[in-house]
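**Student:** Sequence below, structure please.
(6 chains)
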There are 4 protein chains.
Amino acid sequence: MSPKVPDIYKQHKKIEILQAAEQVFIRKGFGRVTMKDIVEQCQISRGGVYLYFSSTDEIFQAILDWKNGQPQQELLLIYESANNGEEALTQFIILISTYMKETANSLYRAHVEFFSALAQDDNRWQFVQQRHELLVNNYAFFFQEGTRLGYFSPQTDLRILTKFVLTWCEGFSLNTMILPMDDLQADTQIELLHQYLRQMLRIPSF
Amino acid sequence: MSPKVPDIYKQHKKIEILQAAEQVFIRKGFGRVTMKDIVEQCQISRGGVYLYFSSTDEIFQAILDWKNGQPQQELLLIYESANNGEEALTQFIILISTYMKETANSLYRAHVEFFSALAQDDNRWQFVQQRHELLVNNYAFFFQEGTRLGYFSPQTDLRILTKFVLTWCEGFSLNTMILPMDDLQADTQIELLHQYLRQMLRIPSF
Amino acid sequence: MSPKVPDIYKQHKKIEILQAAEQVFIRKGFGRVTMKDIVEQCQISRGGVYLYFSSTDEIFQAILDWKNGQPQQELLLIYESANNGEEALTQFIILISTYMKETANSLYRAHVEFFSALAQDDNRWQFVQQRHELLVNNYAFFFQEGTRLGYFSPQTDLRILTKFVLTWCEGFSLNTMILPMDDLQADTQIELLHQYLRQMLRIPSF
Amino acid sequence: MSPKVPDIYKQHKKIEILQAAEQVFIRKGFGRVTMKDIVEQCQISRGGVYLYFSSTDEIFQAILDWKNGQPQQELLLIYESANNGEEALTQFIILISTYMKETANSLYRAHVEFFSALAQDDNRWQFVQQRHELLVNNYAFFFQEGTRLGYFSPQTDLRILTKFVLTWCEGFSLNTMILPMDDLQADTQIELLHQYLRQMLRIPSF
DNA sequence: TATGAATGAGCATTCATTCAT
DNA sequence: AATGAATGAATGCTCATTCAT
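**Tutor:** A predicted model of the protein is given here:
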């Protein structure tokens, strides 16, 4: 009756499956992925996968949870190398533009498909919303920390500014999926964002 | 020799199907829609629908084409009622915020799902890209017209500004699908956009 | 009540359909032919064809009947140019080898498919058998006529010899469909048949 | 790691399906057979059959392959009981006439339909041709063996004679499908073949 | 725990046939 | 007589899910 196999083993097996499944989702998006795809990538039997997860939905969500457990530390590392607001902001811009440009070959495609396919009565909206909340907190903290360090003198509420920026980033990521970089004029757009933030954060000249 | 039933009839029938299908796509998104759903909504027989369209993909694309055939005239109507740049911009903001807030219950969800599910070797990317191009042209024309009328004195390239704004709008629409308006702080974000545009278009004070 | 359109018109229309359908059957064989194929080839409406025939089966059979109405006169024409048994037999061999080699691109393929697909309880076996009977009669008559003319001195019953020859021809036609002429060694085989007949008909030397 | 269910099991299951399918093909010919028919005859689920074969075509071809794997040994067994050419030839005639008379209730019908329905661009012609080649080799070997044993003194190339005989047999099999034995005068025709072979093989009188 | 053969519900698609015009 | 849009039964095929081993 008592579990013979310790939870740690189960956890390990689960992660093994998630890693394999992630590759599938990156490759095929969300909706076209079948259990067969995942099973084949895992090198585990059909029934085996079902012992741990009972649908592609569940697996995908588990991947997102798992990834959330590895929060972006990179943002705050900026302050270890930047000596002033200008430098910090520049590094910030470089960082997020790197993220955004990767979307075409990342889990992002599947992610967008996943929640745009969510039925309105689905009970996973909460999950999606919490994820978004975490993201906002993470980014807002970057600006707050910059302000605390005297790098930024924001002329507006930082949380709302963060949301504004993330909204733009969301759109940019989406467009990255659709358009060639040229059509998007990616770098010029990013430069506009850079200017905007420089101004909104009223970075002291020096 | 001449067709008893003119092409206009076929066109009408097609549109009948598209209208029904649109309801289905709004309700269920893109990927979960089956021909059966559409057939049932149409009140036409299985074979009847196949007479006009041969897949959900084709129907969805036809809906987008059909909608594209009714381009947004509203943007340019603004200049018929607005007396100065400030008024024009305000009306512009109101208009797009209306559009964006509607996304949750519109075809937008299905649209996002449609292209995020597009396989990389799909030959419909071109279609999606052309659609985007049209949108950019449409919006850019609004700003150009405002400039020609002396309402705006843009301090930056209008086309790139348009893209920047549309990028943000894309993100906003997406977030509208995910988040309750409150979490999104929709109006406050829109206000930020308003300020940004007011400044970038250097609307002359009066 | 009385027919406004004379039968002659109906006949003409029927033959129009049969001619078109024959092309389809030659191109596609029997089983893969749909009413749509025939309708498209005819340039007549779907319903129009149904006024005259109600299935592909019926059409195919009508084609065979129609063709049967044009019996092979060529066999007997041989006696108008041949001056002796040897010449008659040679012309006979040339004639049938021509027929048989044509099978790949003729109605023969469809014909074989048609009756091999005939269900055992089908009431069209009789039709097929009558057709075969006609064929035997036609060929037997050639040999009888040759005998009457003193060209042949058959050492066996002519009717059974005819059947034997036709059996071989049937197999040869079939193989023509399957094999390249080279593999079949067509001409060498035909030469064997020639020799066999020369002997069985005991063509007087001269 | 090692498969719990060995390949032998899969092979067995395949053969189970083929046996059931063969009954269906014998009963219905080739073209009218649906997967549903085969599924029902197998007493296996729809998906179950698809696990092993993905179309009726594939199944039919597998049946032919499987049958080919059991080559006709009977021909050569003749030489174990026959004491001279006359006896060998007589047994040969009896054997093939038995084969040919069975065609009406055998797979032959389906076989004829199968290849007469083959589209010209089909890649299975090769398969059909190889099958024919095998058949020729098999029969030719019989005559060669008889010659080696001194039973036959052929006055013509044995391979071409084999082809000639097989051509006739093909036609006879076909006619067996179409005609009642009486109309065909089967035994009399076979007697003609017997005489012909006796002569061509110049069986030494004794 | 783990396996993978088997299941069968469910959707896509075709096509002979009808019928209002 | 002729049309061709419309029908819906029938089939092919896939895939999530189960279960005996």
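**Student:** hey, let's count contacts and neighbours off CA atoms from now on
**Tutor:** OK.
**Student:** So chain A: which segments form each domain?
**Tutor:** Domain ranges of chain A: A:7-67, A:71-200, per automatic domain parsing.
**Student:** My read is that A:F30 contacts A:A110, right?
**Tutor:** Yes. Contact criterion CA atoms under 8 Å: A:F30 and A:A110 qualify, at 4.6 Å.
**Student:** what touches both of these two?
**Tutor:** B:A117 (CA atoms under 8 Å, 6 or more residues apart in numbering or on different chains).
**Student:** quick one: low-confidence parts of chain A?
**Tutor:** Within chain A, the ranges that satisfy pLDDT under 70 run A:1-6, A:70-71, A:205-206.
**Student:** near DNA strand F, which residues of it show up?
**Tutor:** Residues of chain A lying close to DNA strand F (CA under 7 Å from any atom of the strand) are A:33-36, A:46-47, A:50, A:54-55.
**Student:** In terms of distance to A:D7, which of these ranks first?
**Tutor:** Taking CA to CA as the measure, A:Y50 is the one of the residues of chain A next to DNA strand F closest to A:D7, at 16.7 Å.
**Student:** Assign that closest one to helix, strand or coil.
**Tutor:** helix (DSSP: H, G, I helix; E, B strand; the rest coil).
**Student:** ok, it to A:W66 distance?
**Tutor:** 18 Å (CA to CA, to the nearest Å).
**Student:** repeat for A:R46
**Tutor:** Per CA to CA, A:R46 is found 22 Å from A:W66.
**Student:** In chain A, what residue comes closest to chain C?
**Tutor:** Nearest to chain C, among the residues of chain A, is A:R32, at 33.0 Å (CA to the nearest CA).
**Student:** any idea which element that residue lies in?
**Tutor:** Using DSSP states H and E, A:R32 sits within no helix or strand.
**Student:** That one - how many residues pack around it?
**Tutor:** Neighbour count for A:R32, taken as other CA atoms under 10 Å in any protein chain shown: 15.
**Student:** Now it: closest residue in space that isn't a chain neighbour?
**Tutor:** Counting by CA to CA, 6 or more residues apart in numbering or on different chains, the nearest residue to A:R32 once its immediate chain neighbours are dropped is B:A117, at 7.8 Å.
**Student:** Does that neighbour touch A:G29 like I think?
**Tutor:** Yes. Using CA under 8 Å, B:A117 is in contact with A:G29, at 6.2 Å.
**Student:** more neighbours, these two?
**Tutor:** Comparing B:A117 with A:G29 by other CA under 10 Å, the one with more neighbours is A:G29, at 26 against 22.
**Student:** so how far is chain B from that one?
**Tutor:** A:G29 sits 6 Å away from chain B, going by CA to the nearest CA, to the nearest Å.
**Student:** check contacts around the closest residue to that residue other than its chain neighbours.
**Tutor:** Distance criterion CA to CA, 6+ apart; nearest residue to A:G29, sequence neighbours excluded, is A:A110 at 4.1 Å. Applying CA under 8 Å, 6+ apart to A:A110 gives the contacts A:25-26, A:28-31, B:116-117.
**Student:** burial of A:F115, as a residue count?
**Tutor:** What A:F115 shows, counting by other CA under 10 Å, is a neighbour count of 19.
**Student:** Does it lie in a helix or a strand, and which?
**Tutor:** Counting by DSSP H and E, A:F115 is found in helix A:108-116.
**Student:** For the residue in chain A positioned nearest to DNA strand E, what is the enclosing helix or strand?
**Tutor:** For chain A and DNA strand E, the shortest gap (CA to the nearest atom of the strand) falls at A:G47, measuring 3.1 Å. Element membership of A:G47, judged by DSSP H and E, is helix A:46-52.
**Student:** Show residues contacting the helix or strand just after that helix.
**Tutor:** The helix or strand immediately downstream of helix A:46-52 is helix A:56-68, counting by DSSP H and E. For helix A:56-68, contacts defined as CA under 8 Å, 6+ apart pick out A:18-19, A:21-22, A:33-35, A:53, A:131.
**Student:** The helix or strand where A:V24 lies close to DNA strand E?
**Tutor:** Assigned by DSSP H and E, A:V24 falls within helix A:7-28. Yes. Using CA under 7 Å from any atom of the strand, helix A:7-28 reaches DNA strand E at A:7, A:10.
**Student:** tilt between that helix and helix A:56-68?
**Tutor:** 100 degrees (axes from the mean of the first three to the mean of the last three CA atoms, to 10 degrees).
**Student:** when you compare where helix A:7-28 runs with where helix A:108-116 runs, what's the angle?
**Tutor:** On the basis of the same axes, to 10 degrees, helix A:7-28 is oriented at 100 degrees to helix A:108-116.
**Student:** for helix A:7-28, which positions count as buried?
**Tutor:** A:13-14, A:17-28 (16 or more other CA atoms under 10 Å in any protein chain shown).
**Student:** try stretch A:141-156
**Tutor:** Of the residues in stretch A:141-156, those buried (16+ other CA under 10 Å) are A:141-144, A:146-147, A:151-154.
**Student:** Kindly report the same for stretch A:111-124.
**Tutor:** Residues A:111-118 are the ones in stretch A:111-124 that count as buried (16+ other CA under 10 Å).
**Student:** try stretch A:32-39
**Tutor:** Neighbour-count burial for stretch A:32-39, with 16+ other CA under 10 Å as criterion, is recorded at A:33, A:35, A:37-39.
**Student:** Return the residues in contact with A:N105.
**Tutor:** By CA under 8 Å, 6+ apart, the residues touching A:N105 are A:26-27.
**Student:** how near is it to A:F25?
**Tutor:** The value you get for A:N105 to A:F25, if CA to CA is used, is 10 Å.
**Student:** and what of A:R202?
**Tutor:** 41 Å.
**Student:** so how far is the lengthiest helix in chain A from its chain's centroid?
**Tutor:** Criterion DSSP state H: the longest helix present in chain A is helix A:125-148. Averaged C-alpha coordinates place helix A:125-148 at 11 Å from its chain's average position (CA atoms, centre = their mean, to the nearest Å).
**Student:** what's downstream of it, the next helix or strand?
**Tutor:** As assigned by DSSP H and E, the chain's next helix or strand after helix A:125-148 is helix A:158-178.
**Student:** which other residues reach stretch A:142-151?
**Tutor:** Contacts for stretch A:142-151 (CA under 8 Å, 6+ apart): A:75-76, A:79, A:84-86, A:88, A:152-154, A:158, A:162, A:203-204.
**Student:** one more time with 10 Å, if that's ok
**Tutor:** A:75-79, A:82-89, A:92, A:136, A:139-141, A:152-154, A:158-159, A:161-162, A:201-204 (CA atoms under 10 Å, 6 or more residues apart in numbering or on different chains).
**Student:** Surely the residue of chain A closest to chain C touches B:G31?
**Tutor:** Yes. Counting by CA atoms under 10 Å, B:G31 is a contact partner of A:R32 at 8.9 Å.
**Student:** which residues are common contacts for the two?
**Tutor:** In contact with both A:R32 and B:G31: B:A117, using CA under 10 Å, 6+ apart.
**Student:** For A:R202, which non-adjacent residue is spatially closest?
**Tutor:** A:S153 (5.3 Å).
**Student:** wait, I meant A:Y139
**Tutor:** Using CA to CA, 6+ apart, the closest residue to A:Y139 is A:T162 (6.5 Å).
**Student:** Report the contact partners of that neighbour.
**Tutor:** A:135-143, A:168, B:189.
**Student:** Then A:I78?
**Tutor:** A:87-92, A:95, A:142, A:146.
**Student:** how about CSV for these, with distance to D:I8 and secondary structure added?
**Tutor:** Formatted as CSV, the contacts of A:I78 follow (distance: CA to CA, whole Å; DSSP: H, G, I helix; E, B strand; the rest coil):
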residue, distance to D:I8, secondary structure
A:E87, 69, helix
A:A88, 67, helix
A:L89, 67, helix
A:T90, 66, helix
A:Q91, 63, helix
A:F92, 62, helix
A:L95, 57, helix
A:F142, 64, helix
A:G146, 69, helix
